[in-house]
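Visitor: Pasting a predicted model and its sequence here:
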Amino acid sequence: MRFPAWIGSLVLVVASSAHADAKSITAINAVTGDASWVDSPEAWRAPETIRVQTHLAWIEARLRQATTANLSRAQRVQRARLLDVLAKYREAGVFPQHRAGAVTSTHTRRPRFIDDRGRACAVAHLIEVSGNSALAHFINASHEYDYVLDMHEPELDAWATAHGFSAIELAMIQPTYDNGGSVEDPRDREREHEMQTRVLRSQLRDSARFGVQPTTLTQCFGARRGTWSVRIDIEMPRGRSRNPTVIAVISTPIPEVKACIERNVAAEFQRRSRNHVALATIHERVSTQVTMPIPVATPARPRTPPPSKGKR
């Protein structure tokens with residue numbers, strides 16, 4: 001069985017440390033689904049530990065390939081260091097487990113932030129290793145069985161930003177763990193569709209923003225001089241597609257610049273994603289004003305102290 005979708009299932013979880021009314025999910029990750037198995041159909045027969053390790057290796061590789069041009073040097077350093085930590089965590093193969101009989105048979109897979117033996121999930125482990133164990137346990141107290149995108153904790157968002165990750169990237173890392181059971185809650189489909197739309201909308205918006213970045217505009221405007229307003233409309237039609245409709249609107253139409261921007265935005269979206277299933281047409285718009293050539297800040301030259309005068 002093949003799962004070509006970049007975006008998998010997400011189920012909203014209502015949880016506490018005493019009881020979790022989680023709903024059914026069968027995928028290894030709430031955002032990427034089972035895409036890590038797309039080229040390994042026989043892997044479904046593998047033990048649980050290997051399934052989790054395969055997902056973590058797959059998402060780690062993609063996070064290393066992702067552009068970090070919008071991050072500061074400090075964020076890039078932290079991100080690279082924690083991706084190395086993620087690799088060692090994966091190789092160790094010590095993952096949280098669900099307590100036997102803790103939930104009903106309707107639950108098949110769900111996350112667990114830190115289990116009762118102190119085994120942390122991948123996201124919790126990254127937070128702990130970064131020197132924020134108190135934050136990891138604070139999150140676990142309220143969100144032990146929750147999905148990252150349902151936590152809505154400002155402290156977690158701040159930690160992610162400081163360490164060069166987005167909330168969606170943390171959600172892509174977070175595995176679910178086998179809990180037994182096979183009964184599907186019919187409400188899960190609606191919740192899955194809602195999260196597919198949220199992630200797809202975010203990736204469309206980020207791709208449009210890429211089109212108005214200075215490096216992209218410099219490439220497309222070339223040696224032209226002047227000031228223009230630029231608007232990018234990007235739309236994903238209902239159904240499965242890797243080719244959104246991209247329209248660049250420039251205050252003074254320049255066909256070759258328009259085509260260059262549209263081509264770059266479409267390529268950026270394809271780089272960020274695989275096939276999507278849009279349940280309704282989604283439209284995003286990004287606007288900017290550009291003055292060419294784009295000013296480049298010249299770093300201040302260090303002052304050279306005057307030579308000291310020797311004693312006569």
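Guide: In hand now; what should we look at?
Visitor: Outline the domain layout of this structure.
Guide: What automatic domain parsing lists as the domains of the chain is 35-185, 192-292.
Visitor: Quick one: mean pLDDT for the first one?
Guide: Throughout domain 35-185, pLDDT has a mean value of 85.
Visitor: What ranges does this structure have for its strands?
Guide: Applying DSSP state E to the chain gives strands spanning 109-110, 177-178, 226-236, 239-241, 245-250, 276-278, 282-292.
Visitor: so what does the second one touch, helix or strand wise?
Guide: Strand 177-178 is packed against helix 48-65, strand 109-110, with contacts defined by 3 or more CB pairs under 8 Å, 6 or more residues apart in numbering; DSSP states H and E. Glycine gets a C-beta too; all of them are placed from N, C-alpha and C.
Visitor: from those, which stretch is densest packed?
Guide: Among the helices and strands packed on strand 177-178, strand 109-110 has the highest mean neighbour count (mean count of other CB atoms under 10 Å), at a mean of 24.
Visitor: The chain: helices as residue ranges?
Guide: 48-65, 73-92, 122-129, 133-143, 154-162, 167-173, 187-211, 214-221, 255-272 (DSSP state H).
Visitor: which of those helices is buried the deepest?
Guide: With neighbours taken as mean count of other CB under 10 Å, the helices of the chain reach their highest mean count in helix 122-129, at a mean of 23.
Visitor: which helices and strands does that one pack with?
Guide: helix 73-92, helix 133-143, helix 167-173.
Visitor: okay, the ones you listed in CSV with distance to residue 216 next?
Guide: Shown next, in CSV, are those (distance: least, CB to CB, whole Å):
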stretch, distance to residue 216
helix 73-92, 20
helix 133-143, 36
helix 167-173, 22
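Visitor: Can you check which of those helices gets nearest to residue 206?
Guide: The closest of the helices and strands packed on helix 122-129 to residue 206 is helix 167-173. By CB to CB, the value is 9.4 Å.
Visitor: So what touches the closest one?
Guide: Helix 167-173 has contacts (CB atoms under 8 Å, 6 or more residues apart in numbering) with 10, 29-32, 56, 59, 62-63, 66, 86, 122-123, 126, 147-149, 156-157, 160, 199, 202.
Visitor: And for stretch 239-250?
Guide: Against stretch 239-250 from outside (CB under 8 Å, 6+ apart): 204, 207-208, 211, 228-237, 257-258, 261-262, 265-266, 269-270, 273-278.
Visitor: now do stretch 57-72
Guide: Under CB under 8 Å, 6+ apart, the answer for stretch 57-72 is 29, 32, 35-36, 75-76, 79, 83, 86-87, 90, 164, 169, 172-173, 213, 215.
Visitor: quick one on the thing from earlier: which of the strands of the chain sits most buried?
Guide: strand 109-110 (a mean of 24).
Visitor: helices or strands up against that strand?
Guide: strand 177-178.
Visitor: List the neighbouring strands of the strand it packs on plus their orientation.
Guide: strand 109-110 (antiparallel) (DSSP bridges).
Visitor: what distance separates the partner strand from the middle of the whole chain?
Guide: 20 Å (CA atoms, centre = their mean, to the nearest Å).
Visitor: and what of stretch 58-73?
Guide: With CA atoms, centre = their mean, you get 10 Å for stretch 58-73.
Visitor: repeat for stretch 139-150
Guide: Remark: stretch 139-150 is offset 17 Å from the chain centroid, using CA atoms, centre = their mean.
Visitor: can you check stretch 125-137 too?
Guide: Using CA atoms, centre = their mean, the offset of stretch 125-137 from its chain centre is 20 Å.
Visitor: got the CA coordinates for it in PDB?
Guide: Provided in PDB are the C-alpha atoms of stretch 125-137 (Å, rounded to 0.1, in the frame of the first residue of the first chain):
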ATOM      1  CA  HIS A 125      13.800  15.200  23.900                       C
ATOM      2  CA  LEU A 126      14.900  18.100  21.800                       C
ATOM      3  CA  ILE A 127      13.500  20.500  24.400                       C
ATOM      4  CA  GLU A 128      15.200  18.700  27.200                       C
ATOM      5  CA  VAL A 129      18.600  18.500  25.600                       C
ATOM      6  CA  SER A 130      18.500  22.200  24.800                       C
ATOM      7  CA  GLY A 131      18.500  22.800  28.500                       C
ATOM      8  CA  ASN A 132      14.800  23.300  28.900                       C
ATOM      9  CA  SER A 133      13.700  20.300  30.900                       C
ATOM     10  CA  ALA A 134      11.300  22.400  33.000                       C
ATOM     11  CA  LEU A 135       9.500  23.500  29.800                       C
ATOM     12  CA  ALA A 136       9.200  19.800  28.600                       C
ATOM     13  CA  HIS A 137       7.600  18.700  31.900                       C
END
